[in-house]
Structure formats: C-alpha cells, structure tokens
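1. Here is my input, please return the structure:
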Amino acid sequence: MSMKQDSCSIGAGVSATKTDDNNAAIKRVAYADPPYVGQAVRRYSHDPKCAEVDHQALIQQLTTYDGWALSCSTPSLRTLLPMCPRDVRVAAWVKPFCSFKGANPAYAWEPIIYRPCRSRKGRFVVRDWVAENITLKRGLCGVKPDRFSYWLFELLAMESGDEFVDLFPGSGAVMRAWQRWKGFEIERRADGDPIGLYCQSRDLMAIAAKPNRLGFAAGLLGRKGGRAKSEAKANAVRANGALGGRPSKDDTVGL
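-> Residues are numbered from 1 along each chain as shown. Presented below is the predicted three-dimensional model:
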C-alpha cells in the first residue's frame, strides 16, 4: 500500500483518455496502489489529506485506460471484484518474507486485479504470480520492490513505447522501475533476445547487466538443472554406474 506524497485523492492531477485508434500500437496503462479498503485511517492517520479511497470511482477511472492493475488486500477481494469488468484476472504477489503482526494465518500474499493492454500471444509465458520479499526502510508503508514492478509490466503486456501512469505514486518506486524496465526492454529488442527480460528466475538484474543475456540465462538454467534431484535422474546415474561409469583419465590412455 502506498499513498501520494501530496494527496490521496483518486488520480489527482491525472486525466485518463482512451488510446487514439490511429495510434493503436501505443497503449495507455494505469496502475493504482491506494490505501487498501478500510486501511487509510489506521495506516495513514498522520496525514489529514489521506481519506478513505472511493474504490468504485477508482475502478471506473481505471477502465478508461487500455490496460490497468489495482493492488488490494485479500479481505477486500469480495468487495472489489463485483465492481470490475468481467474480463479482469487476479494475480498474486507472494511474500516469502513479510510482517505477520499477530495474524494467524499470516497475510502472506497480495492480490492484483488486472486487465492487460494487449494480448501476450506469441510472447514468452509469464506466470500470474511472483514471489518477492517486502521492502524495508523505504520511507512509506508498502513500497513495491523492483522485481514486483518488472513482473507487473510483463503481466500487463506492456511495450517500451507505452505510456504508464501511476495514480498513487507514493515514493515513486514503481515509476523509477518503469524507466529502468523501458531501457532494459529497448536493449533486449535491439539484441534480438527471444527470452524476454522477465525470465522465471531471481537473477533478473544480473541478466539485464550481461552483454549476452540469452547465453547467461541459459547457463543459469543449466546450472539449476544440474543441481536438480529427481527419480529419473537417480535411475540414469545408477544405469550409468552399472555400465562402468565415467572412464577415468588412465583408462583413456592409448585410445
């Protein structure tokens, strides 16, 4: 959950208009991460400007964009989904490390209601969940980690030339991640990398920093596969051992 530094009003200072049909390749996409339903006063009572958000009006505003996403809490899903168009989906930010604060079971995942701005047909498959720890000491409650933001842009099927609007910028972390993601994506396309920037790996930043990201990613996946354990792999090892195993260096002399 994040809030604007100047106001918690819905999309203050931002006007949403639909994409011009003559420029259909460029999409306008919005992301909203408001104080969650029933949480504004409890979490942001120090800010008199931060009133409870009218989520019905917020969702109506979001639907004026080509694509959009709304972060929310699990208890609010039954309230928010009936307000949304029927073609939305729900994705999950899973938090391996999070603050329990006495809740049992702990609230360890966060829903994202979303509608992509274009089809992902022909692209690499992105999962509808991401696992990443919460951020700490970022100045505001609920600041989103970079990996969450990169996953969000892929989930929404965004392109580097699209227009992205963060309706509740808070610390500005998501917008800064958008600028970085655009640079990575432009470079990836120039290199002809078919794997896509967001591969199913925690090594996102390392891959983005490598000149040959495709080869580096392949090496990562290969090493992970080499460490993997399975019954089929164990059977193959036993079968190889029954045949004498790998020849030693001495056995190769004279061949």
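2. Return the helix or strand in this structure with minimum mean pLDDT.
-> When each helix and strand of the chain is scored by mean pLDDT, DSSP states H and E, helix 204-209 comes last, with a mean of 52.
3. Quickly note the distance from residue 146 to residue 53.
-> Note on residue 146: its distance to residue 53, by C-beta to C-beta, to the nearest Å, is 25 Å. In this view, the C-beta of every residue, glycine as well, is placed from N, C-alpha and C.
4. Give me the more crowded residue out of those two.
-> residue 53 (20 against 17; other C-beta atoms under 10 Å).
5. And the residue nearest to the more buried one when sequence neighbours are not counted, its phi and psi?
-> Once flanking residues are discounted, residue 53 sits nearest to residue 34: 4.4 Å by C-beta to C-beta, 6 or more residues apart in numbering. When read as degrees, to the nearest 10, the backbone of residue 34 gives phi -80, psi 170.
6. does the closest residue to residue 100 other than its chain neighbours sit in a helix, a strand or a coil?
-> Excluding its sequence neighbours, the residue lying closest to residue 100 (C-beta to C-beta, 6+ apart) is residue 106, at 4.3 Å. Here residue 106 is coil, with the state taken from DSSP: H, G, I helix; E, B strand; the rest coil.
7. any idea how far residue 106 is from residue 91?
-> Separation of residue 106 from residue 91 (C-beta to C-beta) stands at 20 Å.
8. same check, this time on residue 154
-> Looking at residue 154 against residue 91, where the rule is C-beta to C-beta, the gap reads 11 Å.
9. can you check residue 239 too?
-> To residue 91, residue 239 is 42 Å away according to C-beta to C-beta.
10. ok, the two, which is more surrounded?
-> Higher neighbour count among residue 239 and residue 91: residue 91, with 18 against 9, using other C-beta under 10 Å.
11. Confirm the more buried one sits in a helix?
-> No. Using three-state DSSP, the secondary structure at residue 91 is strand, not a helix.
12. Identify the residues contacting it.
-> Each residue near residue 91 by C-beta atoms under 8 Å, 6 or more residues apart in numbering is listed here: 111, 112, 114, 128, 129, 130, 155.
13. May I see the residues you listed organised as TSV, with pLDDT, neighbour count and distance to residue 95 added?
-> Shown next, in TSV, are the contacts of residue 91 (pLDDT from 0 to 100; neighbours: other C-beta atoms under 10 Å; distance: C-beta to C-beta, whole Å):
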residue	pLDDT	neighbour count	distance to residue 95
111	98	19	12
112	98	23	13
114	98	23	18
128	95	12	16
129	95	13	11
130	94	23	10
155	95	22	17
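14. Would you mind giving those as TSV with distance to residue 232 and secondary structure added?
-> Output for these, formatted as TSV (distance: C-beta to C-beta, whole Å; DSSP: H, G, I helix; E, B strand; the rest coil):
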residue	distance to residue 232	secondary structure
111	36	strand
112	36	strand
114	37	strand
128	28	coil
129	27	strand
130	29	strand
155	33	helix
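15. quick one: which of these is nearest residue 38?
-> Nearest to residue 38 out of those is residue 111 (C-beta to C-beta; 15.1 Å).
16. does residue 148 belong to a helix or a strand, and which?
-> For residue 148, the element it lies in under DSSP states H and E is helix 146-155.
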